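In: Curious how this folds, go ahead:
(2 chains)
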Amino acid sequence: MSFWPRLGHFFTTSANWTGADGIVHRVVLQAELSAIVVVIAGALGIGFGFLLGHVGRGGLVAVNAANAARAVPSLALLTLLAIQPSIGLRAGGFLTAGITLVVLAVPPILTNSYVGMREVDADVREAARAMGMNGWQQLWKVEVPLALPLAVAGLRTAAVEVVATATLAAYVTVNDLGVYIFAGLSTQDSVETVAGSLLVALLALLTDLLLVGAYRLVTPEPLRQRRGARGAQVLRRERGAARAVGQPS
Amino acid sequence: MIAVSNPLLQWSYVTQNIGTILSALARQAELTVIAVVLGFAISLPLGVLVWRYAKARPAVLGFAGVLYTIPSLALFALVQPIVGYFSTTAAEIPLVSYTLLILVRNILAGLDGVPDDVREAARAMGYAPLAQLLRVDLPLALPSIFAGLRVATVTVVGLVTITTFIGQNVLGQLITQGFEQTYNSPIVVALVLSIALASVGDLLFVGLERVTVRWGRSSRSPA
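Out: Down below sits the predicted model:
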């Protein structure tokens, strides 16, 4: 059989969909792993990014450190953690893969959150103070809502990277969609590789759409026209934070 | 060669395997340099074209966005049967593609950022379109272009490690070897050398930016 019929056959064979090594289970594992990572990395990145942006001190150091973390090859960290007896295969390899992916995901989120918080207009802060808001109210009612869109833009970049890179976890422990790609590689058979890649790309695309939705949701009404997706790019460019753009994984 | 005690870095590993380590580092650097140079050579005209002909922008950026969702591992695996197993081309096509998507975005952002009045002034001074592009628009876009080159370089160094799965003798080779033998040292060596290589590339562009953008600034100020 030539390639395309075999690819079709792969997706129409019901045995390929069910069971512990089936498509459904692997998609769920990959989605689960990615979701856990994005939640943890989001909490860390947005939390510290906002904090540093709000305080206005130590931020550049943190952003630079986060960017340096980007130079760490995921494959090296993943394998190194996997062979440590204390971490290795805990929780079905989720711990190893999780730590690796959090290291990958935090930098873009932290950078964007920090820049978003720094971007909040000094006049707006002053106006909030003049209206009699205390520190917490300023933070929660003014600064956070204004900084959130850019932070979520960072979350979106990170989430797509995480979903794509989670395939590497198949090399060490996790029985996710990467298994198809590695299997195809070792047998020099493109059918499984293509099938696995399609599924990962689909999951990444879905993740992207989900976070575009979240982005719209957190963008305050008056800012939607002036500062849509393009506006965020303009902001990033103006502040020389072009390094905040994502990297493929 | 299973290590009995397994410290993070066993110095004897380095001294006994220095040849292997250095050749993997050299190959890693080679693949990175080819990818960034080729990527830049393609993305500069591409970025300028997309900037000039706004209609092409959604198509190009949309394609880049889709490419971005395909894991690098998959792209390497998919390209390989088409252009040849274990070939340099199979490694470079995905690597160059990823640099394109970073570089074109940054070139566009840089060119978009040139203030309209500056461009108008240049036109009023009688600059021909090409001269204006080379002497006004691109110089002003340099900071953003350099930012792109830095991200692209750091990213590519990381991606090159993965080409070990398509038979490239790169630092990733040490990583898979360490994993298979439950041996920390090769992985740590590869990790440290990857970071070092990425840092050297990064600093190189920081230096280049200092030189060229200072020139840009001083040529603007006397007028």
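In: and A:Val179, what does it touch?
Out: A:21, A:26, A:170, A:196 (CB atoms under 8 Å, 6 or more residues apart in numbering or on different chains). C-beta coordinates here come from the backbone N, C-alpha and C atoms, glycine included.
In: In chain A, mark out all the helices, start to finish.
Out: All helices of chain A, identified by DSSP state H, fall at A:3-12, A:23-55, A:59-69, A:74-82, A:94-118, A:122-130, A:135-137, A:144-165, A:169-172, A:178-187, A:190-218, A:221-226, A:229-238.
In: can you list contacts of the fourth one?
Out: The contact list for helix A:74-82, computed with CB under 8 Å, 6+ apart, reads A:87-89, A:93, A:95-97, A:99-101, A:103-104, A:165, A:168-169, A:171-173, A:249, B:158, B:161-162, B:171-172, B:175-176, B:178-179, B:184, B:187-188, B:190-191, B:194.
In: For it, buried residues please.
Out: For helix A:74-82, burial by neighbour count (16 or more other CB atoms under 10 Å in any protein chain shown) applies to A:74-82.
In: give me the number of residues near residue 192?
Out: Chain wasn't specified; assuming chain A. Neighbours of A:Glu192 under the rule other CB atoms under 10 Å in any protein chain shown: 22.
In: Let me rephrase: I mean chain B.
Out: 13.
In: Tell me how far it lies from chain A.
Out: With distances taken as CB to the nearest CB, to the nearest Å, B:Val192 is found 9 Å from chain A.
In: pLDDT score for that residue?
Out: B:Val192 carries a pLDDT value of 96.
In: Give me the buried subset of the contacts of helix A:74-82.
Out: Neighbour counting by 16+ other CB under 10 Å classes A:87, A:93, A:95-97, A:99-101, A:103-104, A:165, A:168-169, A:171-173, A:249, B:158, B:161-162, B:171-172, B:175-176, B:178-179, B:184, B:187-188, B:190-191, B:194 among the contacts of helix A:74-82 as buried.
In: so who does the residue nearest to B:Asp137 when sequence neighbours are not counted touch?
Out: Spatial nearest neighbour of B:Asp137, chain neighbours left out: B:Val114 (5.3 Å); criterion: CB to CB, 6 or more residues apart in numbering or on different chains. B:Val114 sits next to B:136-137, B:140-141 when contact means CB under 8 Å, 6+ apart.
In: Let's verify B:Val114: helix, strand, or coil?
Out: Per DSSP: H, G, I helix; E, B strand; the rest coil, the local secondary structure of B:Val114 is coil.
In: neighbours around B:Gly19, how many?
Out: 8.
In: One more: B:Thr88?
Out: B:Thr88: 15 neighbours (other CB under 10 Å).
In: A:Val162 now?
Out: A:Val162: 26 surrounding residues under other CB under 10 Å.
In: In contact with it, which residues?
Out: Going by CB under 8 Å, 6+ apart, A:Val162 touches A:34, A:37-38, A:41, A:101, A:104-105, A:249.
In: could you measure it against chain B, distance?
Out: Look at A:Val162 and chain B: by CB to the nearest CB, they are 11 Å apart.
In: Over to A:Gly53?
Out: Distance from A:Gly53 to chain B, by CB to the nearest CB: 20 Å.
In: ditto for A:Val142
Out: Counting by CB to the nearest CB, the gap from A:Val142 to chain B is 28 Å.
In: How far does stretch A:182-190 sit from its chain's centre?
Out: The gap between where stretch A:182-190 is centred and where its chain is centred comes out at 27 Å by CA atoms, centre = their mean, to the nearest Å.
In: same thing with stretch A:183-193?
Out: 27 Å.
In: Does B:Val48 touch B:Val104 like I think?
Out: No - contact between B:Val48 and B:Val104 fails when scored by CB atoms under 8 Å: they sit 9.8 Å apart.
In: Of those two, which one has the most company?
Out: Comparing B:Val48 with B:Val104 by other CB under 10 Å, the one with more neighbours is B:Val104, at 26 against 18.
In: What separation is there between that one and A:Leu185?
Out: Distance, B:Val104 to A:Leu185, by CB to CB, to the nearest Å: 29 Å.
In: Kindly report the same for A:Leu139.
Out: 49 Å.
In: which stretches of chain B have low pLDDT?
Out: Applying pLDDT under 70 to chain B flags the ranges B:1-4, B:214-223.
In: leaving aside the residues next to it on the chain, what's closest to B:Thr140?
Out: Small correction: residue B:140 is Leu, not Thr. B:Leu140 sits nearest to B:Val114 (CB to CB, 6+ apart), 4.7 Å away.
In: hmm, I was thinking of A:Ala41
Out: Once flanking residues are discounted, A:Ala41 sits nearest to A:Ala105: 3.6 Å by CB to CB, 6+ apart.
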